[in-house]
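Student: Here's my sequence, what's the structure:
(one chain, ligands or ions: 2)
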Amino acid sequence: MSAEDHRDMKLKCSTCGKELLQNDLGKKWRRCHFCEEPICFNDTHYLGVRVKGLYNDYLDVVPVCKKCYPKGL
Ligand SMILES: [Zn+2]
Ligand SMILES: [Zn+2]
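Tutor: Numbers count the residues shown, from 1 in each chain. Ligands and ions are numbered 1, 2, ... in the order given. The predicted model follows:
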């Protein structure tokens, strides 16, 4: 109930609810490529997406959360 409560947004893994620290971005968690929700490494899925390049389309691998990961893969 102090003025500090809203100073920084509470970060939580959108899948398991574990608390995450801004400083650990890239070390312990990522943001989902599609919905941009924070996800801890335990819950990170990787998905190959086709990206438009300068000359050719190429395949990139992006982190996605459980919700955005296509089912059946
Ligand atoms: Zn998690
Ligand atoms: Zn997502």
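
Student: Residues of the chain that sit close to ligand 1?
Tutor: Within the chain, the positions lying close to ligand 1 (Cβ under 5 Å from the ion) are 13, 15, 16, 18, 40, 43. The way it works is simple: take the backbone N, C-alpha and C, and place the C-beta from them, glycine included.

Student: Any of these buried? List them.
Tutor: Neighbour counting with 16 or more other Cβ atoms under 10 Å marks 13, 15, 40, 43 as buried within those.

Student: follow-up on the earlier one: could you redo the residues of the chain next to ligand 1 as JSON lines and give each row pLDDT and distance to residue 71?
Tutor: Shown next, in JSON lines, are the residues of the chain next to ligand 1 (pLDDT from 0 to 100; distance: Cβ to Cβ, whole Å):
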{"residue": "13", "pLDDT": "97", "distance to residue 71": "20"}
{"residue": "15", "pLDDT": "97", "distance to residue 71": "15"}
{"residue": "16", "pLDDT": "97", "distance to residue 71": "19"}
{"residue": "18", "pLDDT": "97", "distance to residue 71": "23"}
{"residue": "40", "pLDDT": "97", "distance to residue 71": "21"}
{"residue": "43", "pLDDT": "97", "distance to residue 71": "15"}
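
Student: what sits up against stretch 37-50?
Tutor: With contact meaning Cβ atoms under 8 Å, 6 or more residues apart in numbering, stretch 37-50 is reached by 11-16, 18, 20, 28-33, 57-70, 73.

Student: Among the residues you listed, which lie within strands?
Tutor: Among those, the residues falling in strands (DSSP state E) are 11-12, 20, 29-31, 57-64.

Student: Buried among those? Make that a ChimeraX selection.
Tutor: To isolate the buried members of the ones in strands among the contacts of stretch 37-50 in ChimeraX, using 16+ other Cβ under 10 Å:
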select :11,12,20,29,30,31,63,64
